[in-house]
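Colleague: Fold the following.
(one chain, ligands or ions: 1)
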Amino acid sequence: MKELFIFEVFIITYDLIIIGGGPSGATAAKIAAESSAKVLLLEAAEEGRYKCCAGGIPVRNEEFSSIPRGVDVREITGGVLFTPKSGPMEFDASGKNNKGFCMFRTDFDKHLVNIAQDAGAQIKYKFRVKKIEINKDSSVKVQGPEEYQSKCVILATGLGGAQLQRQIGLEVPPMINGIQAEFEVPESVIDEQFGNRVWEFFDRSLIDHGIAWVFPKSQALSIGVLGNGVKVSHLKEFLQKSFIREKIEGRDMKVFGGRKVWAAPIPDRMIAKPYRERVMVIGDACGTADPILYEGIYQARLSGKLAAETFCQALEKEDFGESKLARYNELLLKHLYEEDLRYSYKFHQLLYHSGLLERVIEASYLMAQEDPEMMQSTIALFTGSETRKHSWEVMMSRKWKLIKLMGIKNSLKLLPTLVHALRI
Ligand SMILES: Cc1cc2nc3c(=O)[nH]c(=O)nc-3n(C[C@H](O)[C@H](O)[C@H](O)COP(=O)(O)OP(=O)(O)OC[C@H]3O[C@@H](n4cnc5c(N)ncnc54)[C@H](O)[C@@H]3O)c2cc1C
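Modeller: Numbering: from 1, shown residues only. Okay, the predicted model is just below:
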């Protein structure tokens, strides 16, 4: 009895424990700590871990905190699209709200965690959480190399925490796969061959349900493929395409953690219920990534912000019950789903489930050539400068033109998918 008492006393208690130090967790930690809550962020990896990611960061991330500038960050001011029949289809994204940045996630994530620490959050690296125990009426116990206790927990584990999610009865989002390698390329060569532009490839003969890309970072090119069932062989095939092969001939792949080629999952859909008493789920773990180009950093951070705000309100009332935390889901639906993700699912349907991925891209780009509004809303699909809802409305107001441009046979094929997409 005495031993049990001593053990209980030494468990350190926090207002909030955040599990996972990626963009979602770090953003939530910063916002909660700014409100003077006692926050602990637990990250399984060591400080400065490599994260498999193309590292494209739209400027709208500055809604949460400034994006670092400098030698390790490439400012992106345009894009180039390719299909097997067409390309380069170029677009300019140099406007204030359109531009973006490319950088290694090692640097970006460290920057975000540092900001959270400056705001007052306590950080622990190399702490893999193995178990969560929820006591509805009092607290949550989080167990790993040590044990901590808090009033509330935010799960920000990306797709690496599926086991934890299931353990406490929460759903795990469906996922697809991303595979990439980073090539060492001198800055002058990147400037000449790729410039400050992201390159996206739409080719169903390579990947049936997905895309390939080249993103220029600082002294490196991130080259990868993503989609349903994508394997290393898909990346190898992409690297053999003449356009890519010529440009990376003789270049070395960078090695991270002893590996040259990295794979990681990306969520495909949001989960239906990302909360329960004393727990909220954010970012990839909640399935917030956008399934048009599968970027997820901004969305993860937005969900982190909404969960942190919900936590702060719950802390004022000392009420972390399920009905109180349901507010997080309401905010998520309002700010992420209704204006954006719902329409991304429509675009996803049209692009990846019509069998006409390349044709839709080509026809949209052609239409945009003489239609500034269409051009801006197409660019916004890559930069996030307008809501997905707006881009969808612009495209649907021109659907007959799109259908005409695609020709009768393709249009007949497109119609059932279009009808399905309209119903989402
Ligand atoms: C190949 C590829 C390319 C991508 N390119 C882009 C892009 O260009 N732009 C973009 O916006 N998005 C991109 N994404 C998506 C983006 O990486 C994710 O959406 C984003 O990282 C989600 O952030 P998060 O904080 O939710 O999760 P993560 O960034 O995955 O962070 C989760 C953290 O939790 C930690 N963790 C997991 N389990 C535990 C545990 N049990 N205990 C403690 N810590 C734990 C992990 O170590 C990790 O650091 C890409 C993804 C892939 C796979």
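
Colleague: Tell me if I'm right that Phe47 and Phe127 touch.
Modeller: For the record, residue 47 is Glu, not Phe. No: using Cβ atoms under 8 Å, Glu47 makes no contact with Phe127, being 11.5 Å away. C-beta coordinates here come from the backbone N, C-alpha and C atoms, glycine included.

Colleague: Between those two, which is the more surrounded one?
Modeller: The neighbour count for Glu47 versus Phe127, taken as other Cβ atoms under 10 Å, is higher for Phe127 (20 against 14).

Colleague: surely the more buried one meets Gln143?
Modeller: No: assessed by Cβ under 8 Å, Phe127 is found out of contact with Gln143, at 10.4 Å.

Colleague: Do me a favour and get the end-to-end distance for stretch 52-66?
Modeller: 22 Å (Cα to Cα, to the nearest Å).

Colleague: Give the buried residues for it.
Modeller: By neighbour count on 16 or more other Cβ atoms under 10 Å, the buried set for stretch 52-66 is 52-61, 64-65.

Colleague: before we move on, what about stretch 303-313?
Modeller: 303-312.

Colleague: And stretch 271-289, by the same measure?
Modeller: For stretch 271-289, the neighbour count (16+ other Cβ under 10 Å) marks 271, 274-289 as buried.

Colleague: For it, output the C-alpha coordinates as PDB.
Modeller: In PDB, the C-alpha atoms belonging to stretch 271-289 read as follows (Å, rounded to 0.1, in the frame of the first residue of the first chain):
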ATOM      1  CA  ILE A 271     -11.800   9.800 -39.700                       C
ATOM      2  CA  ALA A 272     -15.400  10.200 -38.600                       C
ATOM      3  CA  LYS A 273     -14.800  10.800 -34.900                       C
ATOM      4  CA  PRO A 274     -11.400  12.300 -33.900                       C
ATOM      5  CA  TYR A 275     -12.100  12.700 -30.200                       C
ATOM      6  CA  ARG A 276     -13.300  10.900 -27.000                       C
ATOM      7  CA  GLU A 277     -13.300  12.000 -23.400                       C
ATOM      8  CA  ARG A 278      -9.900  13.600 -22.600                       C
ATOM      9  CA  VAL A 279      -8.400  12.800 -26.100                       C
ATOM     10  CA  MET A 280      -8.300  14.500 -29.500                       C
ATOM     11  CA  VAL A 281      -6.600  13.300 -32.600                       C
ATOM     12  CA  ILE A 282      -5.000  15.700 -35.100                       C
ATOM     13  CA  GLY A 283      -3.000  15.900 -38.400                       C
ATOM     14  CA  ASP A 284      -2.300  12.700 -40.400                       C
ATOM     15  CA  ALA A 285      -3.500  10.600 -37.500                       C
ATOM     16  CA  CYS A 286      -6.900  12.200 -38.000                       C
ATOM     17  CA  GLY A 287      -6.600  11.900 -41.800                       C
ATOM     18  CA  THR A 288      -6.500  15.600 -42.600                       C
ATOM     19  CA  ALA A 289      -4.200  15.500 -45.700                       C
END
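
Colleague: 39 is where my numbering starts, stick with that
Modeller: Yep, numbering from 39; the last one is stretch 309-327 now.

Colleague: and the stretch 239-388 of the chain, which residues reach the ligand?
Modeller: Residues of the stretch 239-388 of the chain lying close to the ligand by Cβ under 6 Å from any ligand atom are 262, 264, 302, 304, 321-322, 327, 333-335, 338.

Colleague: out of the residues you listed, who's nearest Phe240?
Modeller: Closest approach to Phe240 among those (Cβ to Cβ): Leu264, at 12.1 Å.

Colleague: per-residue confidence for the residue nearest to Glu275 when sequence neighbours are not counted?
Modeller: Once flanking residues are discounted, Glu275 sits nearest to Leu244: 6.1 Å by Cβ to Cβ, 6 or more residues apart in numbering. On pLDDT, Leu244 comes in at 92.

Colleague: got a list of what Ile214 touches?
Modeller: The contact partners of Ile214, by Cβ atoms under 8 Å, 6 or more residues apart in numbering, come to 247-248, 264-268, 303-304, 306, 332.

Colleague: Show me which residues of the helix or strand encompassing it are buried.
Modeller: In this assignment (DSSP states H and E), Ile214 forms part of strand 213-222. Within strand 213-222, the residues scored as buried using 16+ other Cβ under 10 Å are 213-221.

Colleague: Kindly report the same for stretch 106-115.
Modeller: By neighbour count on 16+ other Cβ under 10 Å, the buried set for stretch 106-115 is 111-112, 114-115.

Colleague: quick one: contacts of that stretch?
Modeller: Residues outside stretch 106-115 that contact it (Cβ under 8 Å, 6+ apart): 94, 105, 130-132, 137-142, 145-146, 149, 234-236, 254-256.

Colleague: quick check, that stretch touching the ligand?
Modeller: No: Stretch 106-115 stays clear of the ligand (Cβ under 6 Å from any ligand atom), getting no nearer than 10.2 Å.

Colleague: Give me the mean pLDDT for that stretch.
Modeller: On average, stretch 106-115 scores 89.

Colleague: Any idea how far apart the tips of it sit?
Modeller: Criterion Cα to Cα; first-to-last residue distance in stretch 106-115 is 16 Å.

Colleague: Please apply the same query to stretch 71-84.
Modeller: By Cα to Cα, the extent of stretch 71-84 from end to end equals 22 Å.

Colleague: Just read off the phi/psi values of Met127.
Modeller: Backbone torsions of Met127, given as degrees, to the nearest 10, read phi -100, psi 110.

Colleague: Report the separation between Glu287 and Phe240.
Modeller: Computed as Cβ to Cβ, to the nearest Å, the Glu287 to Phe240 distance reads 24 Å.

Colleague: Leu79 now?
Modeller: Per Cβ to Cβ, Leu79 is found 38 Å from Phe240.

Colleague: Repeat that for Ala82.
Modeller: The separation that Ala82 has from Phe240, given Cβ to Cβ, amounts to 35 Å.

Colleague: Looking at these two, which is more packed in?
Modeller: Set side by side, Ala82 and Phe240 show more neighbours around Phe240, with 24 against 20, by other Cβ under 10 Å.

Colleague: From Thr121, how far out is that one?
Modeller: For Phe240 relative to Thr121 (Cβ to Cβ), the value is 5 Å.

Colleague: Could you check how many residues crowd around Ser449?
Modeller: Counted with other Cβ under 10 Å, residues neighbouring Ser449 total 19.

Colleague: try the one 10 residues further on
Modeller: For Ala459, the count of nearby residues is 21 (other Cβ under 10 Å).

Colleague: Just confirm it contacts Tyr390, I think it does.
Modeller: No: using Cβ under 8 Å, Ala459 is not in contact with Tyr390, being 10.8 Å away.
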